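Enquirer: Make a model of this:
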Amino acid sequence: MRNATLCLLVLLTTQSFACQPSTKLVPLADGWARNSVNTVIFRRNSVVSHEQNQFVAFYDPSGSVVLAKRRLGSSNWEIRKTQYTGNVRDAHNSISIMVDGEGYLHMSWDHHGHPLRYCRSVTPGSLELTDKMPMTGLKEDHVTYPEFYRLPDGNLLFLYRDGSSGRGDIMLNHYNVQSRSWTQRQNAFINGEDERNAYWQMCTDSQGTIHISWVWRETGDVATNHDICYAKSSDGGRTWMRSSGEPYQMPIRAANAECAARVAQGSDLINTTSMCADREGRPYIATYWTPEGQQVPQFHLVHHDGAQWKTMQIGNRSTAFHLQGGGTKRIPISRCQILVNTDGQADKAYLLFRDVERASRVTVASCADLREGNWQFEDLSEFSVGMWEPSYDTELWRRERQLHIFVQRVGQGDGEQTDELAPQQVSILEWSPSN
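Expert: Below is the predicted model:
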């Protein structure tokens, strides 16, 4: 075995924290908790399923990368401490995993302007990992925010930023399961022109269309975030178009990007949140900012109804804060995840987040019909998750509309500072929407 400890089979049946009756908490093991590196929202993914197996990745208290696997419906975890470690004191340096159509687990970890760190399992379904390897060898020296996405054919996409905050470009690689190889599909296709960078969120819909949205940042200061832009691709990322179907002239830049919502600099617009698409291929983008003339940041849903972009405020928060400066921020609310389920009669939406106004619990806001816009709020946990941000099993939601959330109470100091917090339990919180 490649510098790895033996696999352990553990049985965890007790619950250390209280949850609502509609949920089930499945504990796993203790993880590093002095900052939010295990729970940052741009983990794609922290937890992911393939067929009847579910995989999880996290940093343990020593900073080692740990992988775990279970059968869906079981509390039996197979846990493996891998040969890899990361700089856990920087919350940017998260772990991202995905399983391809053959069942191979792919992993990228520990990046904040670093050379690419990538490997995959030695066999389908295995927790044993290969040595580090390149993908394409092209522009892999300054990687940040690595993210995997699975296409309906089992192939994968890999996105990352090449460059730095305020001066960077988005790269896109494609993995072919038949050749088991990566190719560069786009080189700086959302281009900062050495003057800004895009902070994105992406999804693929049931037809295989790729949807991406982003905010622009002019400098390293989060206060310079502005505007929410959009593009989509129906050919696996080879070409891109606006919501109208009009092709983009590549690369996409600030001057030619479609704007889904105008948000000025200094509006407390957060970056790198989430998006999804319904069965009609209509995109939904969730984030927060402070509306013009107000003082309190509010969650918003920006969505396209097939004819135009619309913006809807979700809830009515009362706690003010202001985003300014660089590095990971200590913020009283998390970035959010948006999920949509269309049943043919109504578009149902779910917003997953945490907020100090709700004692920093795992909270979901549900809207039974977006045409009416009535949101109901429910706490899925009775315990605080600290500075946690939500991530979930995207593939299980896509297949079965079951929401499995990666949960851990974590701290976070401002600007890459850490909290004096002991290791905390990593768990999967299972929830099945009733409406």
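Enquirer: ranges for the helices of this protein?
Expert: Per DSSP state H, the chain carries helices over the ranges 394-400.
Enquirer: tell me which helix or strand of it sits lowest on mean pLDDT?
Expert: Ranked by mean pLDDT, DSSP states H and E, the weakest helix or strand in the chain is strand 8-11, scoring a mean of 37.
Enquirer: just the strands in the stretch 251-400 of the chain please.
Expert: For the stretch 251-400 of the chain, applying DSSP state E, counting those that start in this stretch gives strands covering 258-261, 274-277, 283-289, 298-304, 309-314, 337-342, 347-353, 363-367, 375-379.
Enquirer: Just send those back as TSV, with mean neighbour count and distance to residue 403 too.
Expert: Where C-beta positions appear, they are placed from N, C-alpha and C, glycine not excepted. Conversion of the strands of the stretch 251-400 of the chain to TSV gives the following (neighbours: other Cβ atoms under 10 Å; distance: least, Cβ to Cβ, whole Å):
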stretch	mean neighbour count	distance to residue 403
strand 258-261	19	25
strand 274-277	24	12
strand 283-289	25	15
strand 298-304	22	18
strand 309-314	16	17
strand 337-342	21	7
strand 347-353	23	8
strand 363-367	21	8
strand 375-379	16	12
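Enquirer: got those strands as CSV, with mean pLDDT and distance to residue 137 columns?
Expert: Output for the strands of the stretch 251-400 of the chain, formatted as CSV (pLDDT from 0 to 100; distance: least, Cβ to Cβ, whole Å):
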stretch, mean pLDDT, distance to residue 137
strand 258-261, 98, 32
strand 274-277, 96, 30
strand 283-289, 98, 33
strand 298-304, 97, 37
strand 309-314, 97, 39
strand 337-342, 94, 33
strand 347-353, 95, 37
strand 363-367, 97, 42
strand 375-379, 97, 47
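Enquirer: Residue 186 - nearest residue in space that isn't next to it in sequence?
Expert: Spatially, and ignoring its direct neighbours in sequence, residue 186 is nearest to residue 172 (3.9 Å; Cβ to Cβ, 6 or more residues apart in numbering).
Enquirer: typed the wrong thing, it's residue 188
Expert: That would be residue 169: by Cβ to Cβ, 6+ apart, it lies 3.5 Å from residue 188.
Enquirer: which of the residues in stretch 383-399 are buried?
Expert: Going by neighbour count (16 or more other Cβ atoms under 10 Å), the buried part of stretch 383-399 is 383-398.
Enquirer: Oh, that last question was meant for stretch 123-130, not what I typed.
Expert: Residues of stretch 123-130 classed as buried: 126, 127, 128, 129 (neighbour count, 16+ other Cβ under 10 Å).
Enquirer: Could you work out the most separated pair of the buried residues of stretch 383-399?
Expert: Using Cβ to Cβ, those span at most 29.7 Å, a distance reached by 384 and 398.
Enquirer: Where do the strands of the stretch 51-200 of the chain begin and end?
Expert: 53-59, 64-71, 76-85, 95-99, 105-109, 118-120, 143-150, 156-164, 167-176, 181-190, 197-204.
Enquirer: Make a markdown table from those and add distance to residue 315 to it.
Expert: As requested, these are arranged in a markdown table below (distance: least, Cβ to Cβ, whole Å):
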| stretch | distance to residue 315 |
| --- | --- |
| strand 53-59 | 30 |
| strand 64-71 | 34 |
| strand 76-85 | 35 |
| strand 95-99 | 29 |
| strand 105-109 | 34 |
| strand 118-120 | 39 |
| strand 143-150 | 28 |
| strand 156-164 | 30 |
| strand 167-176 | 31 |
| strand 181-190 | 30 |
| strand 197-204 | 20 |
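Enquirer: would you turn those into JSON lines with mean pLDDT and mean neighbour count?
Expert: Formatted as JSON lines, the strands of the stretch 51-200 of the chain follow (pLDDT from 0 to 100; neighbours: other Cβ atoms under 10 Å):
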{"stretch": "strand 53-59", "mean pLDDT": "98", "mean neighbour count": "24"}
{"stretch": "strand 64-71", "mean pLDDT": "98", "mean neighbour count": "21"}
{"stretch": "strand 76-85", "mean pLDDT": "98", "mean neighbour count": "18"}
{"stretch": "strand 95-99", "mean pLDDT": "98", "mean neighbour count": "25"}
{"stretch": "strand 105-109", "mean pLDDT": "98", "mean neighbour count": "24"}
{"stretch": "strand 118-120", "mean pLDDT": "98", "mean neighbour count": "21"}
{"stretch": "strand 143-150", "mean pLDDT": "97", "mean neighbour count": "22"}
{"stretch": "strand 156-164", "mean pLDDT": "97", "mean neighbour count": "22"}
{"stretch": "strand 167-176", "mean pLDDT": "97", "mean neighbour count": "22"}
{"stretch": "strand 181-190", "mean pLDDT": "97", "mean neighbour count": "19"}
{"stretch": "strand 197-204", "mean pLDDT": "96", "mean neighbour count": "23"}
